[in-house]
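A.B. asks: Got a predicted structure here, sequence first:
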Amino acid sequence: MKIIPALVMLIFGFLMYLLAKFLPVGDFEFFGRKELSTFLFAMAILVILFGIIQFVRAKTTTNPMDLSKTSTLVTNGIFKYSRNPMYLGMLLMLLAFGLKLGNAFNTLLAAGFVYYMNHFQIKHEEKALTKMFGKAYKAYCKATRRWF
């Protein structure tokens, strides 16, 4: 938990760019690729904004690096469908960027982002939230998926 999630997303995005630029195979094209990329990016922005707005309304922190300031367990709205909508939004941004770049191997880097976030960010957050909210958080985890 030493790298902020937005920076992790930017690093994976940069790796996607490098892969698309220098890997001589994997290019693809299909009808509506650019439109799908734009749609995914717009959905990413909405998902992230809905998550942030709900945290602000609940008067709890949006900073994943300092969970000690978490004051409320938010389980309604978009958090009813995803325990990590901001990270889901970041994944959607990476998928949109991968589509824009048009290299199929970028899906591997998007999967790498999911692995990294699960292993180095989300698991630590889940431990902290379990300590803070106990049974309520465990019940929330059973009712709501980590990503979507």
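C.D. replies: Looks like it arrived, so ask away. Numbers count the residues shown, from 1 in each chain.
A.B. asks: Name the residue closest to the centre of the chain, please.
C.D. replies: Centroid check for the chain by Cα atoms, centre = their mean gives Tyr87 as the closest residue, at 1.7 Å.
A.B. asks: doesn't that one fall inside a helix?
C.D. replies: Yes. Assessed by DSSP: H, G, I helix; E, B strand; the rest coil, Tyr87 belongs to a helix.
A.B. asks: can I assume it is in contact with Met117?
C.D. replies: Yes. The pair Tyr87 and Met117 qualifies as a contact (Cβ atoms under 8 Å) at a distance of 5.4 Å. Glycine gets a C-beta too; all of them are placed from N, C-alpha and C.
A.B. asks: which neighbours do those two share?
C.D. replies: With contacts taken as Cβ atoms under 8 Å, 6 or more residues apart in numbering, Tyr87 and Met117 have Pro5 as neighbours in common.
A.B. asks: so what's Asn103 up against?
C.D. replies: When contacts are taken as Cβ under 8 Å, 6+ apart, Asn103 is in contact with 16, 19-20, 23, 26-28.
A.B. asks: try 6 Å
C.D. replies: 20, 26-27 (Cβ atoms under 6 Å, 6 or more residues apart in numbering).
A.B. asks: Restricted to strands, list these.
C.D. replies: For the contacts of Asn103, not one is inside strands, with DSSP state E as the criterion.
A.B. asks: Quick one: classify Leu73 as helix, strand or coil.
C.D. replies: Under three-state DSSP, Leu73 comes out as coil.
A.B. asks: State the number of residues packed around the residue lying closest to it once chain neighbours are set aside.
C.D. replies: Nearest residue to Leu73 in three dimensions, chain neighbours excluded: Phe133, at 4.7 Å (Cβ to Cβ, 6 or more residues apart in numbering). Counted with other Cβ atoms under 10 Å, the neighbours of Phe133 add up to 16.
A.B. asks: Next: Leu94.
C.D. replies: Neighbours around Leu94, by other Cβ under 10 Å: 26.
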